[in-house]
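Enquirer: Quick one, structure for this:
(chains A and B)
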Amino acid sequence: MKLPVQKTAHIYGWLFLLPAAVLMVAFTHYPVVAGIFASFYSTPKAGRLQRFVGLENYSSMIADPVFLQVLENNFIYALGVIPLSVTLALFMALLVNKKLPGRSIVRAAYFTPTILPMIAVANIWLFFYTPQIGLLDQIGSLFGMTSHTWLGDTQTALGCMMVLAIWKDAGFFMIFFLAALQAIPPELEEAALIEGAGRFYYFRRITLPLLMPTMLFVLVNATINSFKLVDHIFILTKGGPDNASSLLLYYIYEVAFGFWDTAYASTLTVVLLVILSLLAITQFTYIEKKVHYQ
Amino acid sequence: MKKRLFKTFLFLVVVLTLVCMSMVTQAATVTLNMYYPVAVGGPITKTIDGMIAEFERENPDIKVNAVYAGNYDDTRVKALAALKANQPVQLSVLFSIDVFELMEQDAIVPFDEIATSPDDKKWIAGFYPSLMENSHAKGKTWGIPFQRSTIVMYYNKDAFREAGLDPEKPPATWAEMAAVAGKLTKKDASGNVTRWGVQIPSTGYPYWMFQALSMQNGEVLMNESGNKTYFDKPAVIEALQYWRDLAVKHKVMPEGTTDWGTLRQKFLEGATAMMWHTTGNLTAVRQDAKFNFGVSMLPAGKRRGSPTGGGNFYIFKKATPEERKASLKFIKFMTSPELTARWSIATGYVATRPDAYETATLKKYVAEFPAAAVARDQFKYATAEFSTYENARVKKFLDDALQNVLTGGKSAGDALKSAQDQAERILRNYR
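Expert: The predicted structure follows:
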C-alpha cells in the first residue's frame, strides 16, 4: 500500500514534532494542569489524606497578609527594574556602538555582570551592603554619610534587590540592543545627516523604530525575569526583614519546600501563572501593533 | 542455526553471571548517602571529609558519601525532596528542631528500633541530657546530637581596655550589658558610630537569639509536646522590648536587623565590640582575630539562659535494615569520645558527651583555651531549641514579628500577639 505524498508529509511532520511535543507536555503542560488541580485540594499529611476543598485555598490566600505583601513587592520590583534596566541597556548599547577608545574593553566590562552566576553576584553584593565594613558604607563614610543597615531596614531592603537586578540585567539586554544597532545600515545615518536631521531627531525617528522588535523581545524578557529570578534573595535577605524583600516566587518556594504545604504553593503558582499570561498577552497584542518588523 | 542458538545461550549465561557478580559485590559494600549542613565559618567540609575517610579505613565494607547541602533549612529541603523522589539517602545531619516535621512527613525512624544492644543503649545514655531534649518525642529517641551549640557572647578585650573596662569582667546582667556597651560604642568626629557596643544577629535564626532573651527573662516559648506557643506572655514581650531598646534607647546596637552571616566578620574587624553568636564559630574567630578576645556566658535577666542549637543525626525510614545498621555504626563512630573531642576542637561546637571532655585531647585543649568550656558550663541553664509541629511555618510567624519590631514596625506587644494568634491557628490542630 502506498500513501499519497501529501499524507506521508503530514506523518513525517508530526513525527518530527513528536519529541519536542512530548517534552513540552511532560514538563510544561502537564505540571500546569496538575498545579491547577492541586490548588483545589488540601495538602496530604501523615494520617490525613488529601481531600477536595474547593476554593478554600484561594480564600485563605486572599486573607494571607504575606501573600498580599509579596505581590505588592513584586509589582514595585518589576516597575522599578524593567524600565531602568532596559533604558540603561539601550544607553550603554548606544555608547559602545560608537567608535570610542578601548571599546571592546568597555563592552566586556558592561557584559561581565551577566556572565557571573546570580549566586556569586549576590555573595559579592552581600559584602557591598554590609554596614560599616561594606563597600557602600566605606564610600559613604568618605562623604560623611552615616552607616546604614541596607539589607536590615524594611525601607531599603527591596531597593537593594532592585539595584542588584538592574546592574545584572542591563548588560545582558545591552547585547541585544547592540546587535540590533549593528544591523542598522550606516547609509541611513549618512542620508539623515545630509538631509539635516539632528542627532536626537535621527535617534527618535529612525534608530528607535528600527529597534522596536528588539525592544519587544527585551521587554518580554525583563518582565519574565522580574517574576522568575529570585536567586539573590536566598543569599541576601531570605525575604526579610519581615518579608520586606520577598517576591512571589520566593514565597512560593518557602511555602512549597519550607512548609511542605504543596496545595497552597500550587494556589500561589496559579496566581503567578495568571499574572505572567496576562502580561504576555498584553505585550504581544498591544505593543506588537507598534512594532515595525522589516 | 544450532550454532547461533548456542551463541545466544552463551551470551545470556555471560550476562547473567555478570549481573549476579555485580549484585554480590553490591551486597558486600553498603553505600550511605548523607546530607549535612554548614552554618558556621571555617573549613567544616574538610573536617567532615577527614573523619569519614578515617571511618572508611576502619570499615572497608561501608562507603559514605557526604553531600554538603547549604544551611539547615536548605539541607532539610534537599533531603526531603530527595526522599520524595526516591533518591537513596540513608541518613542526614539535620536541624535538631526539625524532629516533629520529619516525624509528620514519616521520614525518620526512631533510634530505639535500631540501637537495641545494651552497648548501644549505654551509648545513647551518654549524651548531655539538655542536648537530648530536642531528640525526644512521643516517648522515643529520634536524633543523635552531633554539631550542637549554645549561644555565647564574644567580646573584644582590647576594646574593653581602651574603654577603661576590666577585660576579665564581661557583663553578667542585662543592665550591665547595656551600660558596658554604651561605654564601648565609639563615634568619630562627625558623630558616626565606628564601633557598636553589642550586636545580636536577627536574620537567619532570629527566633534562636530571642529564645535566649526570653528565657533570661524567665519564660520559655513553647511546650514540650510542640503544640503550644507562649509568644504573648508579658515576660516574652518585655524581652523583645529590651532587644529593641538596645538600638533605640541605649543606642548601642544599630537599628534594623543584623545579618547572621556577616556578623562574625564585623566582630573580627572591630566594628562591634561584643556579639552574641553560636559557639560553633569559636574556632573560626580564634583563628582570625587579630586582637585578644574573650568568651562568656550570656548575661542574665532574671536568670541566665540560652537555647541549645544545631544539628542531629537522623536515620531515614527508607533505608534498608542493612543500611540502617551501617548508618548506626557510622553515627557511633562520629560521636565516639575521641572524634567528638576532635570535632569540638576543629569547630568550637560543644562536645556532646561528658566522656569526650575526659579525653586527653580535649582536656589539654580546654586547659590552654578555657573559652572552649564556656558553652558546656552554660548547659545547666540551657533549654531545648524552638521546635513545634509545622516548625518552619510557626517559626516564620515569630521571625517576622521579631524583624518587624526590630526594624521599627509594630510595638513588641502587638507583633507578638499577632504571631501568637497565627501560631495558635495552626497548632490547635495538633492538640
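
Enquirer: Kindly report the residues of the stretch 301-431 of chain B close to chain A.
Expert: Proximity of the stretch 301-431 of chain B to chain A (C-beta under 8 Å from any C-beta of the partner chain) is limited to residues B:390, B:392-393, B:396, B:399-401, B:403-404, B:406-409. Any C-beta I mention is one placed from the backbone N, CA and C, and that applies to glycine too.

Enquirer: List buried members of these by neighbour count.
Expert: Neighbour counting with 16 or more other C-beta atoms under 10 Å in any protein chain shown marks B:390, B:392, B:393, B:396, B:399, B:400, B:401, B:403, B:404, B:406, B:407, B:409 as buried within those.

Enquirer: Following element in sequence after whichever strand or helix holds the third one, please.
Expert: When secondary structure is defined by DSSP states H and E, residue B:393 falls within helix B:391-406. Beyond helix B:391-406 in the direction of the C-terminus, DSSP H and E gives the next helix or strand as helix B:412-427.

Enquirer: Leaving out the residues flanking it, which one is nearest to the closest residue to chain B within the stretch 1-150 of chain A?
Expert: Per C-beta to the nearest C-beta, residue A:149 is where the stretch 1-150 of chain A lies closest to chain B, at 3.8 Å. Nearest residue to residue A:149 in three dimensions, chain neighbours excluded: residue B:256, at 3.8 Å (C-beta to C-beta, 6 or more residues apart in numbering or on different chains).

Enquirer: Turn the buried ones among the residues of the stretch 301-431 of chain B next to chain A into CSV, including pLDDT and distance to residue B:294.
Expert: What follows is those, written out as CSV (pLDDT from 0 to 100; distance: C-beta to C-beta, whole Å):
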residue, pLDDT, distance to residue B:294
B:390, 88, 40
B:392, 86, 35
B:393, 89, 38
B:396, 91, 34
B:399, 94, 30
B:400, 93, 34
B:401, 94, 33
B:403, 93, 29
B:404, 93, 33
B:406, 94, 26
B:407, 91, 31
B:409, 89, 35
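
Enquirer: For residue 265, list the residues it contacts.
Expert: This is for chain A. Contacts for residue A:265 (C-beta atoms under 8 Å, 6 or more residues apart in numbering or on different chains) come out as A:252, A:255, A:256.

Enquirer: Wait, chain B was what I had in mind.
Expert: When contacts are counted by C-beta under 8 Å, 6+ apart, residue B:265 touches A:130, A:133.

Enquirer: ok, then the element right after the helix or strand that contains it?
Expert: Secondary structure from DSSP H and E places residue B:265 in helix B:260-268. Proceeding N to C from helix B:260-268, the next assigned helix or strand is strand B:272-278, under DSSP H and E.

Enquirer: residues making contact with that following strand?
Expert: By C-beta under 8 Å, 6+ apart, the residues outside strand B:272-278 that reach it are B:39-40, B:149-156, B:159-160, B:163, B:170, B:177, B:180-181, B:184-185, B:195-201, B:209, B:212, B:263-264, B:266-267, B:298, B:309-310.

Enquirer: Specify the next element, helix or strand, located C-terminal of that strand.
Expert: Where DSSP H and E defines the elements, the next helix or strand beyond strand B:272-278 is helix B:282-288.

Enquirer: Distance from the chain centre to that following helix, please.
Expert: Relative to the chain's own centre, helix B:282-288 is displaced by 18 Å; criterion: C-alpha atoms, centre = their mean, to the nearest Å.

Enquirer: What about residue B:48, how many residues nearby?
Expert: 22 (other C-beta atoms under 10 Å in any protein chain shown).

Enquirer: State the helix or strand in which it lies.
Expert: helix B:44-58.

Enquirer: circling back: tell me which two of the buried ones among the residues of the stretch 301-431 of chain B next to chain A sit farthest apart.
Expert: Farthest apart among these by C-beta to C-beta are B:390 and B:407. That separation is 25.3 Å.
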